[in-house]
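Asker: Predicted model and sequence follow; I will ask about them next.
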There are 2 protein chains.
Amino acid sequence: MKVALAQLNYTIGDFESNKVKIINAINRAKADGADMAVFAEEAVSGAPAYGLLDRVTFLEASEDALIEIASFCDDITVIVGLPIMNDCKTFSAAAVIHNRKIIRYVTRKNIYQREDVGFISSGSGSEIVVINGKRIAVVVGEDALCCDEYSSVVDLVVNIHSSKYARQRIEKRYDKLSQFAFQLGADYLTVNLVGGSTDIIYDGSSAVFNSKGEPLALLASFEEDYAVVDLDNARPVEIPYQNKTANVYRAIKLGLSDFFFKNGYRSACLGLSGGIDSAVVAAVAAEVLGPENVHVLLMPSQFSSDHSVDDALEMVRNLGLRHDIVSITDVYTQILDVLSPVFGDDTDFGVTEENIQARIRSVLLMALSNKFGHVLLNTTNKSELALGWYTLYGDSVGMLSVLGDVYKSEVFDIAHWINRDREIIPENIIRKAPSAELRPEQKDTDYLPPYDETDSIIYRMIEERQTLEEIINAGYDPDVVLKIAGMIRKNEPKRFQFCPILRVATSTFGVNRKMPLTSRCRY
Amino acid sequence: MKVALAQLNYTIGDFESNKVKIINAINRAKADGADMAVFAEEAVSGAPAYGLLDRVTFLEASEDALIEIASFCDDITVIVGLPIMNDCKTFSAAAVIHNRKIIRYVTRKNIYQREDVGFISSGSGSEIVVINGKRIAVVVGEDALCCDEYSSVVDLVVNIHSSKYARQRIEKRYDKLSQFAFQLGADYLTVNLVGGSTDIIYDGSSAVFNSKGEPLALLASFEEDYAVVDLDNARPVEIPYQNKTANVYRAIKLGLSDFFFKNGYRSACLGLSGGIDSAVVAAVAAEVLGPENVHVLLMPSQFSSDHSVDDALEMVRNLGLRHDIVSITDVYTQILDVLSPVFGDDTDFGVTEENIQARIRSVLLMALSNKFGHVLLNTTNKSELALGWYTLYGDSVGMLSVLGDVYKSEVFDIAHWINRDREIIPENIIRKAPSAELRPEQKDTDYLPPYDETDSIIYRMIEERQTLEEIINAGYDPDVVLKIAGMIRKNEPKRFQFCPILRVATSTFGVNRKMPLTSRCRY
């Protein structure tokens, strides 16, 4: 049996172009002599459609597209995902099309992702269809099936999926699929979505494993791909080494790219401070959009170190970015001036004055964005986001956060990766000690240990969901652990208003982590 | 049988004071000769605790408090809500305590609220306990029960609840309870939470209905209350008239009050423009916090009408607010000046320049907030939020939105209600045509029909979830309907970064309405 796996990048609500992509792949599969073509979960509609799934018009458009797709399915079996409504509930279904007829809808049973719950109802789960004498279990979303029950009953499992990228999830998914296939004693085939959808990145990485748990085909990660696998004659392939930094980088690039192209945005702007975060964002944006479409603003103040502007300018030259230099000093002085009757005797320099500087920068950046139609990119990283080391409505601004799910220590890895062939980000920027430069001689390490230690603690809290006791028992300084936990808690209200974050972790601020803003819990 | 209903205001994670409140009420019930005392859902922990419900330490603290509560339950049956963990899942449970022993946990089955799903698992549902010979069905969350099955089997239904306020929900809940009680042929008793929890307002309105569907007791709305009802001898009471405007006003007051007091915040600041929205927010804040704790900033520009400052000052005098006047003109000129090399020849006045003014105001307000520790209150209303008639990082700022779930046309009703005894909001402010005053002669009605018509269309789209076709068929101008739908869609990304909104509707932006930011759907 020859199966075509079509791993494509769909856009939510773009039924016309999704449909054309699917039909083109069906025609290609037929030309390749495939008996079956498989597409991802919610391929017809794009995902995740959230509240659009409540709309009858959206679901009707989806079913209309399916009917047209079916008309191309002569001499081939097609399994393709779409949302369907039944009894006023919306399900994620796999439509099984055989000889131009929709012969079955199999609906997803388990809803894993907390943020999806409530839009998709739990369906009946996997079902067996018999196609050309083969017993095929069709599963929507990854599901272990009930191995005892299915073992030796099915010849093949076809899984259509919409699995989001997170660090190390690709490796883990391969492991799990291998195990499923081995336990079931059947071939296991999965087709995943690929592409960005605002904050979400579907990584693709569709695969076929045989009943021994060996991979027969592994499709590309982070890009569209297509393969035809002859299940009876294919030979095992090698699982390639997964470079963690390269994967995160590719994920971010894909997320950024689709955010722009699917929304019809063309150019970006951001503030280039001479620090590593904005340098990495500028480099990624330049690669995705072309340097001529990235407009950076250098906005020094009296607290900026001499090298900040020089380093930023070197970066501008390396990439050929569009840039302007605007000093914020005069505006800053003017604002302090108009506020002086309000502040009265309280003229001490403090957080208020630091924040005013950061907020002036956001006014300038948003003016640039409004005037030229650039999308403002946010440059805050996950460590800063956790600790509240950014100014609300200051450096928190932007339409999309590129690094909000990337720890500071990882930002360095990505910077090195970007520089792997030639120096794009000046060494100076990578080597200098991180600082917000909002007051004289400020350094990030004034308050907490170096980032690799701080990041480990944050990681354990946010992603591993370890208790403070567990983290302290693992050998971390109790004072530091409590301090970080307190900072994370204290900054919940600030994070609430943050922009969408490209997601590369199992737990991302503002998405699959929701905390009450009003509580007496100190941590 | 005498039952005490204790309708109390709890704080999330404040186990000590929640426990003391509960124990005090138990002691009072015992002194009143009650056979049973009933408390709301999640009374012990406070609600909604979201991600805290994943934490073993949180659940342990909750159970510890319950054990201490139980030790006070001699000679009385107590039914009280708390989250419990079982098999790595968290359930919302009613603990039934009889003679100091926890004799049963009944867990909630139906999770109605989309935003709660994923934190609380679905439990087994109602159970019958026999107390002093009475068969009592214990239900967590409002549930119709299975009338046929329960009819004539139970003597009493005890429901513990955590129902959020929304317009007209109190009336509807009374209707439903009356119907449940009548169909079951049993007394139906419900105790609800009361109080604010960031954006959520629990309205209380606990009640007892007899088997004829008549109300035997109706507890207060929007405040703590306590009542002892002798089920065998109580006489029906009247359902009071529900004044919609008064209820929304009380809901907002309670939400604002608890946001401040539960978080330990003491003072607020906001910009007073001379328009109706900021006037209403200032009046509510002054009533909740005292006028001396409300610091307003008047920030006129060259586009402000003459009467704006005068009207705002009259409002300041009426209430005795702390205030300052800071003109933004010089800062505005300075910013245009530093940006002029960047903007080059493009010197036309447009949205960019309008937004700069709004953003300067937010820089000043945040400086005031930072310097004095005031909580900045947002003044955007629901109509503006829907249409995108506000500036991101400009008048969108604030830690809490007071009117973000209140339509513009309702803001007028509330203003009249605030003025019911004496003129607090100057008539001039109420009477003038709404305008953002960001350019000469600007009026809100330049673009769309008057607010009552616009609001009806938004209401149908957002809260009634009507299709565009349905709205047009109801007689609205198709062009206007499409224009509004397009504006709502276009402003999804802007709304994404909005602050928490006090909720008074069934569908509030950013909460129980989630839309993809990347899609090809035009509406």
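Answerer: Noted; the coordinates are in hand.

Asker: For the closest residue to A:D258 other than its chain neighbours, grab phi and psi.
Answerer: Excluding the flanking residues, the one nearest A:D258 by Cβ to Cβ, 6 or more residues apart in numbering or on different chains is A:G196, at 3.1 Å. For glycine as for every other residue, the C-beta is placed from the backbone atoms N, C-alpha and C. A:G196 adopts backbone torsions of phi -100, psi 150, taken as degrees, to the nearest 10.

Asker: try the one 10 residues further on
Answerer: Note on A:S206: its backbone torsions stand at phi -60, psi 160 [degrees, to the nearest 10].

Asker: per-residue confidence at the nearest residue to it once chain neighbours are set aside?
Answerer: Leaving aside its sequence neighbours, A:S206 sits nearest to A:L219 (Cβ to Cβ, 6+ apart; 4.1 Å). Looking at A:L219, its pLDDT is 98.

Asker: Near A:L219, how many other residues are there?
Answerer: A:L219: 22 surrounding residues under other Cβ atoms under 10 Å in any protein chain shown.

Asker: residues in contact with it?
Answerer: A:L5, A:Q7, A:G204, A:S205, A:S206, A:A207, A:D225, A:Y226, A:A227 (Cβ atoms under 8 Å, 6 or more residues apart in numbering or on different chains).

Asker: Emit the PyMOL select command for whichever of the residues you listed are buried.
Answerer: The PyMOL command for the buried members of these (criterion: 16 or more other Cβ atoms under 10 Å in any protein chain shown) is given here:
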select buried, chain A and resi 5+7+204+205+206+207+225+226+227
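
Asker: Let me know the closest of the contacts of A:L219 to A:Q357.
Answerer: The nearest member of these to A:Q357, counting by Cβ to Cβ, is A:G204 at 42.5 Å.

Asker: I'd like to know how far the closest one sits from chain B.
Answerer: Distance from A:G204 to chain B, counting by Cβ to the nearest Cβ, to the nearest Å: 18 Å.

Asker: do A:S178 as well
Answerer: Counting by Cβ to the nearest Cβ - A:S178 and chain B are separated by 26 Å.

Asker: tell me which element that residue falls in.
Answerer: helix A:169-184 (DSSP states H and E).

Asker: who touches that helix?
Answerer: Outside of helix A:169-184, the residues within contact range by Cβ under 8 Å, 6+ apart are A:142, A:144-145, A:147, A:150-151, A:154, A:157, A:163, A:187-188, A:190, A:203, A:205, A:207, A:209-215, A:218, A:221, A:239, A:242, A:247, A:506.

Asker: Which ones among those map onto strands?
Answerer: Among the contacts of helix A:169-184, the members found in strands (DSSP state E) are A:V157, A:D187, A:Y188, A:T190, A:D203, A:A207, A:F209, A:P215, A:L218.

Asker: give me the residue from the stretch 151-300 of chain A nearest chain B.
Answerer: Going by Cβ to the nearest Cβ, chain B is nearest to A:T198 of the stretch 151-300 of chain A, at 4.4 Å.

Asker: That residue - how many residues pack around it?
Answerer: 25.

Asker: go on, the one 4 residues further on?
Answerer: By other Cβ under 10 Å, 28 other residues sit near A:Y202.

Asker: For the residue nearest to it when sequence neighbours are not counted, give me its contacts.
Answerer: Ranked by Cβ to Cβ, 6+ apart and with sequence neighbours excluded, the top spatial neighbour of A:Y202 is A:L193, at 3.8 Å. Neighbour list for A:L193: A:7-10, A:40-43, A:47, A:161-163, A:202, A:204 [criterion: Cβ under 8 Å, 6+ apart].

Asker: Mind doing that once more with 7 Å?
Answerer: A:Y10, A:A40, A:E41, A:A47, A:S162, A:Y202 (Cβ atoms under 7 Å, 6 or more residues apart in numbering or on different chains).

Asker: Likewise for A:F222?
Answerer: Shown in contact with A:F222 (Cβ under 7 Å, 6+ apart): A:V194, A:D203, A:G204, A:R250, A:A251, A:L254.

Asker: can you list these in a markdown table and add distance to B:S383?
Answerer: Formatted as a markdown table, the contacts of A:F222 follow (distance: Cβ to Cβ, whole Å):
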| residue | distance to B:S383 |
| --- | --- |
| A:V194 | 40 |
| A:D203 | 41 |
| A:G204 | 42 |
| A:R250 | 43 |
| A:A251 | 39 |
| A:L254 | 38 |
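
Asker: Among these, name the buried ones.
Answerer: A:V194, A:D203, A:G204, A:R250, A:A251, A:L254.
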